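> Pasting the sequence and the predicted coordinates here, then a few questions.
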Amino acid sequence: MRSIHVRASIRSLIAFLAFAPALAAQGAVIVPNDNLALDGLPPIPAAIAEAAAPYTEFRSVALWDWHPKLHQMLIGTRFADVVQAHAVAGAGGARRQLTFFPDRVLAASYEPREGKYLIVSRDIGGSEFTQLYRFDLTSGTATLLTDGKSQNSTATWSRDGVLIAYASSRRNGTDKDIYIMNPADPRTDNMLLQVSGGGWEVLDWSPDGRSLLVLQGISVNESYLWLVNVATGAKTPLTRRGAVLTAYSGGVFTPDGRGIYTATDAGSEFSHLAYIDLKTTAQTALTGESWDVEEFALSRDGRTMAYVTNEDGASRLHLMNTKTRKVTAAPKTPVGVIGGLAWHPDGRALGFTLNSARAPSDAYVLDFSKRSGAITRWTFSETGGVDLSSMPEPQLVRWKSWDGRMISGFLYMPPAKFTGKRPVIINIHGGPEGQSRPTFIGRNNYFVNELGIAMLFPNVRGSTGFGKQFVLLDNGTLREGTYKDINALFDWIGANGSLDAAKVLVTGGSYGGHMTLAVATYYSDRICCSVDVVGISNLATFLEHTESYRRDLRRAEYGDERDSATRAFMERTAPLNNAQKLTKPLFIVAGLNDPRVPYTEAEQMVAAARKNGVPVWYLLGKNEGHGFAKKANADFQFYATVEFVEQFLLGGKN
């Protein structure tokens, strides 16, 4: 039987042959590009694009690296269709585009000695089969360093700037072995360590270049650190399995090579900074946080550790003197999320990105050459002409769930010009080990500021940021508890005098898409409609078809579908097998090249939901993966979603 996306193309062609010519001549509809397949969508009025287009022009920045010789940073941002590498020579300086690939650049770093070339990570069509390239900054030529077929991690440079180490699924498509290469000569590429599992990654090289610090990831709650001998490939455990599962995040050698710094939840509910002595493997806790330490970076001289804590979703930057272990708070930043910590090689500047409710991610620098230690904003990403200064800040809200546990989330309320009870969009994060945080919500600002819709981003059980026991509350057969958290949220909305419980849309991407489908089938009577983006419709079929290098990592979270009892639970609770309970309009978005959640998860749900006779819209990106990365595709998805919202949430056509 032909797949739905083939049938969709035929139906879409017929629909547009019937309606588009006359309407397009009047400029009345938006015609999708050839890489989008539509099934069940009506023509999308051009008036939507006219009104919402400014909200599609937001740009953002990711700080990737510092130039080894110049006071210049390497960033990722989008000028045209996809993210590329750019250089910024100073605060407020122009972003000079360096790469011009047809597909997105996922990461890049300078060659650490002279900065003559970049190591670039990129994939094709959102497939996430990331390849490494050497990109010459003088000639603009790119040389493929990896095999062009496997999934490869980003490159970790040796301290002398000669070698890189990375993890690759090249051997069998499943296990992420460790490789070493001199990128100046790709023929030097060789496997250092053969492993079992898809969660291995290289964290750092020892100062003398003789050892690698490697992380073995099992799940969000379980990981291990290893030392690997670069000459022999022999690995030595730095951490071992205990009675309680322990996780480690990141790691860096001390300048003397005698120890490492890492973040771990060993002996604690929350992740803290720790020092591990390499001779004895003894661990010393350096901080005693009641919130997670989520990122850290050590200055090259080893004297200062910068680290970020996640405090109820908001980031706080700290500085530690590694000799005295005295911690001081960094200068205050706007409430938001800090990431991408990166010290300049000279140790006088700490770069990072900051994302807040009123500004997309931009690069900032904490300048230690100034007596005040001032923070300077380096990039100023465009906001499409939309004035963000007066937009409401998110409110941290809490509600009691079905078992008495308090669940929290962030609520974005429309401006005061919108009166009366407001319709609500509940947007559930992915992961599942993710967390909704007080960040810039991008295009979603259109729903809040122009359509008067409140947006609520919940952190159901299983979210990170609230301790490791909270993360475990949705594992395996506990999964239904997360669905009930949203049901309790419906009760809270009903008791809130500012929100309209009769007008609620639920949406989410990836695992959030699974939650969307589950809520739409479990609690169809409590919503108006739903939008699932690259979501899972059946955990069992998802685990069977997700890429093999990530399958065991997901089984640690969802359970093993090969176990009969677990399989029975998955089948019983699957939205796919409860589609007959779905009675409200549904919009499903998928990417044909998605390696995480195969598009078949979407197609089987579309077919099942259509049997109920409810409106089902289906949009497939034929050159996209786990979410739409190309601007033209993302724009059409956004405009179609606006039309769906106006019809079925605001218009009540359900």
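Thanks, I have it.

> ok, now which ones touch Pro237?
224-226, 281 (Cβ atoms under 8 Å, 6 or more residues apart in numbering). Where C-beta positions appear, they are placed from N, C-alpha and C, glycine not excepted.

> would CSV of these with distance to Pro112 and neighbour count be doable?
Listed next are the contacts of Pro237 as CSV, based on distance: Cβ to Cβ, whole Å; neighbours: other Cβ atoms under 10 Å:
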residue, distance to Pro112, neighbour count
Tyr224, 28, 19
Leu225, 24, 22
Trp226, 24, 20
Thr281, 29, 15
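
> which among the residues you listed gets closest to Pro186?
Trp226 (26.2 Å; Cβ to Cβ).

> mind checking which helix or strand the closest one is in?
Using DSSP states H and E, Trp226 sits in strand 222-229.

> Please name every helix or strand in contact with that strand.
Judged by 3 or more Cβ pairs under 8 Å, 6 or more residues apart in numbering; DSSP states H and E, strand 222-229 is in contact with strand 211-219, strand 235-237, strand 248-253.

> I'd like the average pLDDT over the last one.
Spelled out, that is strand 248-253. Averaging pLDDT along strand 248-253 gives 97.

> Tell me the helix or strand right after it.
Per DSSP H and E, the first helix or strand lying C-terminal to strand 248-253 is strand 259-264.

> Run me through the strand neighbours of that next one, direction for each.
Using DSSP bridges, strand 259-264 pairs in its sheet with strand 248-253 (antiparallel), strand 272-277 (antiparallel).

> which stretch among the helices and strands packed on strand 222-229 comes nearest Arg572?
With Cβ to Cβ, the closest approach to Arg572 among the helices and strands packed on strand 222-229 belongs to strand 211-219: 23.6 Å.

> Can you tell me which of the helices and strands packed on strand 222-229 is nearest to Trp492?
strand 211-219 (30.5 Å).

> Using CSV, write out the CA atom coordinates for stretch 390-404.
The C-alpha trace of stretch 390-404 is given here as CSV (Å, rounded to 0.1, in the frame of the first residue of the first chain):
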residue,chain,number,x,y,z
SER,A,390,6.8,45.6,26.7
MET,A,391,6.0,41.9,26.4
PRO,A,392,4.8,40.2,29.6
GLU,A,393,7.4,38.3,31.6
PRO,A,394,6.4,34.6,32.2
GLN,A,395,4.8,33.8,35.6
LEU,A,396,6.0,30.7,37.5
VAL,A,397,2.8,28.8,38.4
ARG,A,398,2.2,25.7,40.4
TRP,A,399,-0.7,23.2,40.7
LYS,A,400,-1.5,20.1,42.8
SER,A,401,-1.6,16.9,40.7
TRP,A,402,-3.6,13.7,41.1
ASP,A,403,-1.2,12.3,43.8
GLY,A,404,-0.8,15.5,45.8
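
> Show me what counts as buried in it.
391-392, 394, 397, 399, 401 (16 or more other Cβ atoms under 10 Å).

> May I see the helices and strands packed on strand 222-229 arranged in CSV, with distance to Tyr522 as well?
As requested, these are exported to CSV (distance: least, Cβ to Cβ, whole Å):
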stretch, distance to Tyr522
strand 211-219, 26
strand 235-237, 44
strand 248-253, 34
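
> and of those strands, who's closest to Ile426?
strand 211-219 (26.7 Å).

> how about the CA coordinates for the closest one, as CSV?
What follows is strand 211-219, C-alpha atoms only, in CSV (Å, rounded to 0.1, in the frame of the first residue of the first chain):
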residue,chain,number,x,y,z
SER,A,211,44.7,10.3,27.9
LEU,A,212,41.1,11.0,26.9
LEU,A,213,38.3,11.7,29.4
VAL,A,214,35.2,9.8,28.0
LEU,A,215,31.6,9.7,29.2
GLN,A,216,29.5,6.6,28.8
GLY,A,217,25.8,7.6,28.9
ILE,A,218,23.2,5.1,29.8
SER,A,219,20.3,7.3,30.7
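
> Help me confirm that Ser530 comes into contact with Val589.
No. With contact defined as Cβ atoms under 8 Å, Ser530 and Val589 do not form a contacting pair (11.6 Å).

> sorry, back to before: can you check what angle separates the strand holding Trp226 from strand 259-264?
Angle of strand 222-229 versus strand 259-264, following axes from the mean of the first three to the mean of the last three Cα atoms, to 10 degrees, is 160 degrees.

> hmm, who's touching strand 222-229?
With contacts defined as Cβ under 8 Å, 6+ apart, strand 222-229 is touched by 178, 192-193, 199, 203, 210-218, 234-241, 245-249, 251, 260, 262, 276, 278, 556.

> could you redo the last one with a cut-off of 6 Å?
Identification of contacts with strand 222-229 by Cβ atoms under 6 Å, 6 or more residues apart in numbering yields 193, 211-212, 214-217, 235-239, 245, 247-248.

> and the least confident of these?
Among those, pLDDT bottoms out at Leu245, giving 91.

> Contacts only, for that one.
221-222.

> Let me know the helix or strand that it is in.
Applying DSSP H and E, one finds Leu245 in no helix or strand.

> And for Ser369, nearest residue in space, chain neighbours not counted?
Take Ser369 and drop its neighbours on the chain: the residue closest to it by Cβ to Cβ, 6 or more residues apart in numbering is Arg348, 4.5 Å away.

> Distance from the top strand by length along the chain to the middle of the chain?
Counting residues, the longest strand found in the chain (DSSP state E) is strand 499-509. Averaged C-alpha coordinates place strand 499-509 at 23 Å from its chain's average position (Cα atoms, centre = their mean, to the nearest Å).

> Which elements pack onto it?
Under the contact definition 3 or more Cβ pairs under 6 Å, 6 or more residues apart in numbering; DSSP states H and E, strand 499-509 sits against strand 422-428, helix 480-495, helix 511-522, strand 529-533.

> Against Leu203, how distant is Gly250?
Distance of Gly250 to Leu203, given as Cβ to Cβ, to the nearest Å: 6 Å.

> let me redo that: Gly302
16 Å.

> if you count what's nearby, which of those two comes out ahead?
Neighbour count, other Cβ atoms under 10 Å: between Gly302 and Leu203, Leu203 has more, with 20 against 17.

> Now that one: which helix or strand?
Assigned by DSSP H and E, Leu203 falls in strand 200-205.

> The residue lying closest to Gln194 once chain neighbours are set aside bridge partners, please.
Sequence neighbours aside, Asp177 is the residue nearest to Gln194 in space, at 5.1 Å (criterion: Cβ to Cβ, 6+ apart). When assigned by DSSP bridges, Asp177 has beta-bridge partners Ser168.

> sorry, back to before: give the partner strands of the strand holding Leu203 in its sheet and their orientations.
Paired with strand 200-205 in the same sheet, following DSSP bridges, are strand 211-219 (antiparallel).

> chain center to the partner strand: distance?
Centre-to-centre, strand 211-219 and its host chain are 21 Å apart (Cα atoms, centre = their mean).

> and for stretch 92-108, what are the contacting residues?
For stretch 92-108, contacts defined as Cβ under 6 Å, 6+ apart pick out 64, 74, 79, 82-88, 118, 120-122, 124, 154, 629.

> Repeat that for stretch 157-175.
With Cβ under 6 Å, 6+ apart as the test, stretch 157-175 has contacts from 112-113, 147, 150-153, 155-156, 176-183, 195-196, 200-202, 205, 207, 209, 212, 548-549.
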